[in-house]
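[1] Make a model of this:
(chains A and B)
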Amino acid sequence: MQGLDFAVIAPYWDLLLIGAWWTAVLTVSAGVLSFVFGILFAVTVLYAPAILAYPVRAFMWLFMGTPLLLQLFLIYFGLVQIGIDIPALAAGIVGLGMHFAVYNADVIRAGIVAVDVGQTEGARSIGFGKWQTLRYVVIPQAIRNTAPPIGSNVIALLKESSIVSVIGIAELVHSAQLAISETFRPFEFYITAAALYYILNLVLEAALHRFERHVEVSR
Amino acid sequence: MLRVFPFFVEAALVTLELTALALLLGLAAAALAAAGRMSRSAILRAVGTAYVSLFRGTPCLIQLFVLYFGGPQIGINLDPFAAGVIGLGLNIGAYMAESIRGAVVAVDRGQTEAARTIGFSRFQTLRKVVLPQAARLMIRPLGVNTVALLKGSALVSTISVVELTYTAQRFIGSTYKPFEIFGVAALLYMVMVYAVARLVDMLDRRFAIV
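    As a prediction, this is how the structure comes out:
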């Protein structure tokens, strides 16, 4: 047992901040991916012909039933075996993005179903096509109504992004591990990393809260 | 593949054991935290709120690392399995505390008022009127937490607990067939996850009010 000394952090502060920056980059890029594919999957499951809808449904079922860690291993180590070699950063963004796309799709699908059928009838009767009705009338309302659960998925994404450190992406956990390998001070560095995650979490929550209010006002 | 399958089943049982123990710890921590957050004492409220906020605001992976790698520095020496159970349990406990609190808050205020009016004490009201109703409302959110815990238990492979994910990784080293090995592990997780989900569905229906 050695005494704690948080002064050991100082020389590694830049390293940790770079890690935190990459955690933010990962969260935003995987977040955008998960949002876009969430809508895509939801629409496919609801409206596409069975030949498209069923594979997407199976994909969702698969991703919801297995750990993210395993999904990352499959994408990063497994796909190489069948000739698909993607760099770690891309594997991390795709893995996180698809994992949360599936959860977003589940939420958005319920949101689309919940939009009043009168909205579709109204749009159709003033001459909107099927696709236009979906694009301009139904989906915007579905997204607005499901903003809070999608927001909590983004917050979960920020925390889960720590897992990509296991495939060697240089984000916050990885930075901490690097510093620990030189200083042998796991407690100080992991606590500091936790504090940085907590701050990122607060910032993200505040941003999402503002966004939700913005969406509310424009209603 | 057939040769390694028995090892996978054994490892899946470790994953289940880990999940079950963490679930027990999590429920206990969650009940205390939820009670704290709803208590009249400002200190208990602050402690409950701090626990929930800190454990929900940071990644589970970091919590496990602080406990397992950082623990020895402050005199806490745990073997991987114990660290895994405690880390996962405390993490999911913070989420479960919110599920429990949400269910208690969701019970109509009129129930409490009526019970108090006919002479029930605060404790009696909670014990005989509010909690039995809240318990039904808790089943589904706690079930969702349990499924998340089961999947999240894969994280403890990083602190070398020999469960399903760790076993899969170990066999990659000797077989060089990551796709098949991780595929089988994924399949076993799915079986467990959907079995738990079904169980939660059944419980929810069994205790439904209507």
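[2] As a check, name the ranges of all strands in chain A.
    Assigned by DSSP state E, chain A shows no strands.
[3] which bits of chain B sit near chain A?
    B:54, B:57-63, B:65-66, B:69-75, B:151-155, B:157-158, B:165, B:168-169, B:172, B:177-179, B:182-183, B:185-186, B:189-190, B:193-194 (Cβ under 8 Å from any Cβ of the partner chain). Where you see a C-beta, it was placed from the backbone N, CA and C, and this is true even at glycine.
[4] The longest helix along chain B: what's the following helix or strand?
    Counting by DSSP state H, the longest helix found in chain B is helix B:5-37. Next in sequence after helix B:5-37, counting helices and strands by DSSP states H and E, comes helix B:42-57.
[5] CA-only coordinates of that following helix in CSV, if you can.
    Provided in CSV are the C-alpha atoms of helix B:42-57 (Å, rounded to 0.1, in the frame of the first residue of the first chain):
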residue,chain,number,x,y,z
ALA,B,42,-30.9,15.9,4.2
ILE,B,43,-27.7,13.9,4.8
LEU,B,44,-29.2,10.7,3.6
ARG,B,45,-30.7,12.4,0.6
ALA,B,46,-27.3,13.8,-0.3
VAL,B,47,-25.5,10.5,0.1
GLY,B,48,-28.1,8.7,-2.0
THR,B,49,-28.0,11.4,-4.7
ALA,B,50,-24.2,11.4,-4.8
TYR,B,51,-24.0,7.7,-5.2
VAL,B,52,-26.5,7.6,-8.1
SER,B,53,-25.0,10.6,-9.8
LEU,B,54,-21.4,9.4,-9.5
PHE,B,55,-22.0,5.8,-10.6
ARG,B,56,-24.3,6.8,-13.5
GLY,B,57,-22.1,9.7,-14.6
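[6] residues touching the residue sitting nearest the centre point of chain B, list them.
    In chain B, the centroid-proximal residue (Cα atoms, centre = their mean) is B:Ile92; its distance is 3.9 Å. Taking Cβ atoms under 8 Å, 6 or more residues apart in numbering or on different chains, we find B:Ile92 in contact with B:22-23, B:26, B:30, B:145-146, B:148-149, B:152.
[7] And for the residue nearest to A:Ile191 when sequence neighbours are not counted, the neighbour number?
    With sequence-adjacent residues excluded and distances taken as Cβ to Cβ, 6 or more residues apart in numbering or on different chains, A:Ile191 is closest to B:Val66, at 6.1 Å. B:Val66: 23 surrounding residues under other Cβ atoms under 10 Å in any protein chain shown.
[8] just B:Ala106 next, same as before
    Residues near B:Ala106, counting by other Cβ under 10 Å, number 11.
[9] Show the contacting residues for the residue nearest to it when sequence neighbours are not counted.
    In space, B:Ala106 comes closest to B:Leu137 once its chain neighbours are excluded; the distance is 5.4 Å by Cβ to Cβ, 6+ apart. By Cβ under 8 Å, 6+ apart, the contact set of B:Leu137 is B:102-103, B:106-107.
[10] Quick check: A:Arg213 vs chain B, distance?
    A:Arg213 sits at a distance of 21 Å from chain B (criterion: Cβ to the nearest Cβ, to the nearest Å).
[11] A:Thr120 too?
    For A:Thr120, the distance to chain B - Cβ to the nearest Cβ - is 30 Å.
[12] What helices and strands are in contact with the helix or strand of chain A with the lowest mean pLDDT?
    Of all the helices and strands that make up chain A, helix A:79-81 has the lowest average by mean pLDDT, DSSP states H and E, namely a mean of 85. Secondary-structure packing of helix A:79-81 (3 or more Cβ pairs under 8 Å, 6 or more residues apart in numbering or on different chains; DSSP states H and E): helix B:178-206.
[13] hang on, B:Ala185 packs against B:Val9?
    No. Contact criterion Cβ atoms under 8 Å: B:Ala185 and B:Val9 do not qualify, at 11.1 Å.
[14] Those two - which one has more neighbours?
    B:Ala185 (28 against 10).
[15] give me every residue that touches that one.
    A:70, B:8, B:164-165, B:167-168.
[16] Which positions in the longest helix seen in chain A come out as buried?
    In chain A, taking DSSP H as the definition, the longest helix is helix A:13-47. Going by neighbour count (16 or more other Cβ atoms under 10 Å in any protein chain shown), the buried part of helix A:13-47 is A:15-16, A:19-20, A:22-24, A:26-27, A:29-31, A:33-35, A:37-45.
[17] and if you look at stretch A:97-114?
    Of all the residues in stretch A:97-114, those buried under the rule 16+ other Cβ under 10 Å are A:97-109, A:111-112.
[18] pull the CA atoms of that stretch into PDB?
    These are the backbone C-alpha positions of stretch A:97-114, laid out as PDB (Å, rounded to 0.1, in the frame of the first residue of the first chain):
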ATOM      1  CA  GLY A  97     -22.700   3.600 -34.000                       C
ATOM      2  CA  MET A  98     -24.500   0.400 -34.900                       C
ATOM      3  CA  HIS A  99     -24.900  -0.700 -31.300                       C
ATOM      4  CA  PHE A 100     -26.800   2.500 -30.500                       C
ATOM      5  CA  ALA A 101     -28.500   2.700 -33.900                       C
ATOM      6  CA  VAL A 102     -30.400  -0.400 -33.000                       C
ATOM      7  CA  TYR A 103     -31.600   1.100 -29.700                       C
ATOM      8  CA  ASN A 104     -32.500   4.300 -31.400                       C
ATOM      9  CA  ALA A 105     -34.400   2.400 -34.100                       C
ATOM     10  CA  ASP A 106     -36.400   0.700 -31.500                       C
ATOM     11  CA  VAL A 107     -37.400   4.000 -29.900                       C
ATOM     12  CA  ILE A 108     -38.000   5.800 -33.300                       C
ATOM     13  CA  ARG A 109     -40.100   2.900 -34.600                       C
ATOM     14  CA  ALA A 110     -42.400   3.300 -31.600                       C
ATOM     15  CA  GLY A 111     -42.400   7.100 -32.100                       C
ATOM     16  CA  ILE A 112     -43.500   6.700 -35.800                       C
ATOM     17  CA  VAL A 113     -46.300   4.300 -34.900                       C
ATOM     18  CA  ALA A 114     -47.500   6.800 -32.200                       C
END
